[in-house]
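[1] Have a look at this prediction, sequence included:
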Amino acid sequence: MKESSAYKEWKAVWDSGLDAEVRRCTWSFLILVVIALVVHLLFPQLRERAVSQIITLMTGKELTTASGHISFLALFVNNVQACALIMLYGLLPYIRLTAIPLGLNTALIGVLAANSVARGELLMFLTGILPHGIFELPALVLAFAMSLFVCGQVSRRCKKDQSALSTLNCIALISRFLFLVLVPLLFIAALIEAWVTPALLLLFQ
C-alpha cells in the first residue's frame, strides 16, 4: 500500500525535529510541574498567594454560563486560541517565547496540586483534572513542541539555510496541525470538562 502524500509530509516533519521537541517538552512539562508542586508545598504562604491569583485569573476569563456552569463553547474557544497563540510564538526567530506559557501552565498545575495535597483533597484534584487532561494536556504539549519546531525552522531560514521551512510554510503547517490534530483533542477535552468532570466532582460533595 502506497503512503499518502499527507502521511509522508507529517512523517518528514516528525523525523526532522518535531519528535525531539515533543520529548523535550514532555519531560520539561513533567519536571516543572513537580518542581512547582514541591516548592508550593514547602512554602504555604507562597501557595496561598498563588492560589488566590489563579482564582482571580480564572474568574476573569468568564468561562462559566449565567447559571454558574462551565461553558463548553467558551472553554473550547479559549483553549484553541491559547494553543494557536503558543504556536504562533514560534514564528519569532531565535526567541523561544514558548518557555513563558510552558512555565506558567506547569506552575498553575503544580500550585493546584500542592494546594490539594495540603488540604487532603488529592483524589478530588485528580478527578477534576485527569478525565479532560488526558486530551487537553497532550494537546498543550504538542502545541509547545510545534512552536519550538517552527522557531528552529524560521531561525535556520534567517541563517540562509534553504533546507528549512519558510515562514509561509511554517504558518501553513501550524494551521493544519491546529485544525487536524489539536482542535479534535481540545473539542473532546472541553466536552468532558464541561459535562463529565462536574458530575464526577459531585461525588465528593
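    That came through fine.

[2] Contacts only, for the spatially most central residue of the chain.
    Central residue of the chain (CA atoms, centre = their mean): residue 140, 2.1 Å from the mean position. When contacts are counted by CB atoms under 8 Å, 6 or more residues apart in numbering, residue 140 touches 29, 82-83, 86, 105. C-betas here are computed from N, CA, C, even on glycine.

[3] and residue 70, backbone torsions?
    Main-chain torsions, residue 70, degrees, to the nearest 10: phi -70, psi 130.

[4] Near the nearest residue in space to it that is not next to it in sequence, how many residues? Count them for me, please.
    What sits nearest to residue 70 in space, not counting adjacent residues and going by CB to CB, 6 or more residues apart in numbering, is residue 194, at 4.7 Å. Counted with other CB atoms under 10 Å, residues neighbouring residue 194 total 21.

[5] and the host helix or strand of the residue nearest to the centre of the chain, what's its mean pLDDT?
    Using DSSP states H and E, residue 140 sits in helix 122-158. Mean pLDDT, computed over helix 122-158, is 96.

[6] Can you list the buried residues in that helix?
    Buried residues in helix 122-158, counted by 16 or more other CB atoms under 10 Å: 124-125, 128-129, 131-133, 135-157.

[7] cool, stretch 173-181 as well?
    173-174, 177-178, 181.

[8] ok, now stretch 69-88?
    71-72, 74-76, 78-80, 82-84, 86-88.

[9] okay, those residues in CSV with secondary structure next?
    Listed next are the buried residues of stretch 69-88 as CSV, based on DSSP: H, G, I helix; E, B strand; the rest coil:
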residue, secondary structure
71, coil
72, helix
74, helix
75, helix
76, helix
78, helix
79, helix
80, helix
82, helix
83, helix
84, helix
86, helix
87, helix
88, helix
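
[10] Kindly reformat these as a markdown table and extend each row with distance to residue 201.
    Listed next are the buried residues of stretch 69-88 as a markdown table, based on distance: CB to CB, whole Å:
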| residue | distance to residue 201 |
| --- | --- |
| 71 | 17 |
| 72 | 16 |
| 74 | 19 |
| 75 | 15 |
| 76 | 19 |
| 78 | 20 |
| 79 | 19 |
| 80 | 24 |
| 82 | 23 |
| 83 | 25 |
| 84 | 29 |
| 86 | 28 |
| 87 | 31 |
| 88 | 34 |
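
[11] Show me the helices in the chain, by range?
    5-13, 19-42, 44-60, 72-89, 99-118, 122-158, 167-177, 183-191, 197-201 (DSSP state H).

[12] Please find the angle between the direction vectors of the third one and helix 19-42.
    Yep, that's helix 44-60 we're talking about. Between the axes of helix 44-60 and helix 19-42, defined by axes from the mean of the first three to the mean of the last three CA atoms, to 10 degrees, the angle is 120 degrees.

[13] So what's the gap between helix 44-60 and the chain middle?
    20 Å (CA atoms, centre = their mean, to the nearest Å).

[14] So for that helix, what gets flagged as buried?
    Quick answer for helix 44-60 (16+ other CB under 10 Å): 47, 50-51.

[15] Check the average confidence over it, would you?
    91.

[16] Contacts for that helix, please.
    By CB under 8 Å, 6+ apart, the list of residues contacting helix 44-60 reads 39-41, 107-108, 111-112, 114-115, 118.
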